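okay, sequence plus prediction incoming.
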Amino acid sequence: MTRICIIGAGAIGGYLGTRLALTGRATVSAVARGATLDALRHHGWRLRLGGDTLQAPAIARDDPATLGPQDLVILAVKGPALAHIARQMAPLLHASTVILPAMNGVPWWFAQGVSGLSDSPLDSVDPGGVISRAIPLRQVVGAVLHMGVAVLEPGLAWHRMGHGIILGEPGGGPSVRLTHVAGLLQAAGMDVTLSNHVRRDIWYKLWGNLTMNPVSALTGATVDRILADPLVRHFCSVAMEEAARIGQRIDCPIDQPPEERHALTARLGAFKTSMLQDAEAGRMLELDSIVGAVRELGQRLGEPTPAIDALLGLTRLFGRVHGLYPEPHVAPEHLT
């Protein structure tokens, strides 16, 4: 039986953990803490899906070393927590363990092997290269999640929309392990797409989140209200155009004008972005992987990003004032 460990049992982690455990094809453990850890130990995995509450047995620990080597490790933590988690992951890994980041934004490995960018880690998401040293790229499978999940209470995830997940090797092409992971997720009820260019898929999703997430956190507005304001909508378009120019230079072209993406986003209605949900719950903002990394890529390429700079500066200041983003030289170690 496949051994799966999910690090971070919040919304996405809770959804994936419950669905995978219910297949009966895997032993699914969790690394969590606090009230979430207590809930998992008492109730197991729990997911509100439609009108039903699904439950499955869970092995929950706060120390990864107590779980032993795993076949698949799913990272479902917030970006600010990953460096801290990466330092503790070694006991979970054997030579063929697959590591699947189920996270928002630009992953730590994104710049590696990309023409025009140095292979050095992105400081915005991997300061000092801590994550790159702890998590070998050869064991990583890239992923893009297209689903809406929230937390109703610690240990209880609520599925709101979508079951899509895109998987791909960071270097492109098929692989046996990719097929195996896809099979596990398909058996768990997910709509899996295999991609030969997962970096492009990551960039395309980021292209929309780049503006909606931070603007929603700053203003408290749902996406319908953001897009209904012509000045804010135009500002978002300008920032997206800057990101599209960066994408063009790193083989991640965006073949869509911002207005078309806005029209798709508007269909979500009064939707709260993940960053707005985090701000309202007092959780650290995933600003670096969603906005900071884009700015850093622009700097490496010599591509100006004045709108993205303004967005980063304003949201960063908002986060610091409200205790949701670290002051300079302070490394947060928050695990959902």
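Looks like it arrived, so ask away. Numbering: from 1, shown residues only.

ok, and for stretch 287-300, which residues are buried?
287-298, 300 (16 or more other C-beta atoms under 10 Å). Quick note: C-beta positions are derived from backbone N, CA and C, even for glycine.

quick one, strands of this structure?
Counting by DSSP state E, residue ranges of the strands within the chain are 2-7, 26-31, 45-49, 52-56, 59-61, 72-75, 98-101, 142-153, 156-168, 191-194.

closest one to L117 among those?
The minimum distance between L117 and the strands of the chain falls on strand 142-153, with 16.3 Å, by C-beta to C-beta.

how near is G24 to H234?
From G24 over to H234 the distance is 51 Å, taken as C-beta to C-beta, to the nearest Å.

what is the mean pLDDT for stretch 215-230?
In this model, stretch 215-230 has a mean pLDDT of 98.

taking the centroid of the protein, which residue is nearest it?
M103 (1.5 Å; C-alpha atoms, centre = their mean).

ok, it - contacts?
Residues counted as contacts of M103 (C-beta atoms under 8 Å, 6 or more residues apart in numbering) are L75, A76, V77, K78, G79, L82, S289.

try it again with 7 Å
If you count contacts by C-beta atoms under 7 Å, 6 or more residues apart in numbering, M103 has them with L75, G79.

same check on L178?
V141, L167, E169, L194.

could you report the pLDDT at it?
pLDDT, L178: 97.

list the buried residues in the longest helix along the chain.
With secondary structure taken from DSSP state H, the chain has its longest helix at helix 198-219. For helix 198-219, a neighbour-count test (16+ other C-beta under 10 Å) marks 198-218 as buried.

list the contacts of it.
With contact meaning C-beta under 7 Å, 6+ apart, helix 198-219 is reached by 104-107, 110, 142, 144, 166, 168, 170, 195, 222-223, 226, 232, 236, 239-240, 243-244, 247, 252, 254, 261, 265, 272-276, 279, 285, 287, 290-291, 294, 311, 314-315, 318.

stretch 104-121 too?
79, 101, 122, 125-126, 129, 131-132, 137, 140, 170-171, 199, 202, 206, 209, 249-250, 274, 286, 289-290, 293-294, 300-301.

ok, now how distant is G17 from G50?
18 Å.

neighbour count: these two, which is higher?
Neighbours per residue, other C-beta atoms under 10 Å: of G17 and G50, the larger number sits with G17, 32 against 7.

what count of nearby residues applies to the closest residue to A26 other than its chain neighbours?
Spatial nearest neighbour of A26, excluding adjacent residues (C-beta to C-beta, 6 or more residues apart in numbering): T2 at 4.2 Å. Look at T2: counted by other C-beta under 10 Å, it has 16 neighbours.

give the contact list for T2.
So T2 contacts R25, A26, D71, L72, L184 (C-beta under 7 Å, 6+ apart).

just the pLDDT at S118, thanks.
Here the pLDDT value assigned to S118 is 78.

just the buried residues of the contacts of L178.
Counted by 16+ other C-beta under 10 Å, the contacts of L178 give V141, L167, E169 as buried.

what separation do you get for the second one and M103?
I take that to be L167. Distance from L167 to M103, by C-beta to C-beta: 14 Å.

over to P80?
Applying C-beta to C-beta, the value for P80 to M103 is 11 Å.

just I74 next, same as before
Where M103 is concerned, I74 sits at a distance of 10 Å (C-beta to C-beta).

ok, now V291?
Counting by C-beta to C-beta, the gap from V291 to M103 is 15 Å.

before we move on, what about V151?
Distance from V151 to M103, by C-beta to C-beta: 16 Å.

one more: A76?
7 Å.

which of the buried residues of stretch 287-300 lies closest to A188?
For A188, the nearest member of the buried residues of stretch 287-300 is S289. The distance, counting by C-beta to C-beta, is 25.4 Å.

I'd like the strands of the chain as JSON lines, with mean pLDDT and distance to V114 appended.
Putting the strands of the chain into JSON lines (pLDDT from 0 to 100; distance: least, C-beta to C-beta, whole Å) gives the following:
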{"stretch": "strand 2-7", "mean pLDDT": "98", "distance to V114": "26"}
{"stretch": "strand 26-31", "mean pLDDT": "97", "distance to V114": "31"}
{"stretch": "strand 45-49", "mean pLDDT": "97", "distance to V114": "37"}
{"stretch": "strand 52-56", "mean pLDDT": "97", "distance to V114": "39"}
{"stretch": "strand 59-61", "mean pLDDT": "97", "distance to V114": "36"}
{"stretch": "strand 72-75", "mean pLDDT": "98", "distance to V114": "21"}
{"stretch": "strand 98-101", "mean pLDDT": "98", "distance to V114": "17"}
{"stretch": "strand 142-153", "mean pLDDT": "95", "distance to V114": "13"}
{"stretch": "strand 156-168", "mean pLDDT": "96", "distance to V114": "15"}
{"stretch": "strand 191-194", "mean pLDDT": "98", "distance to V114": "21"}
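
show me the one of the ones you listed that comes nearest V176.
Closest approach to V176 among the strands of the chain is made by strand 98-101 (10.5 Å; C-beta to C-beta).
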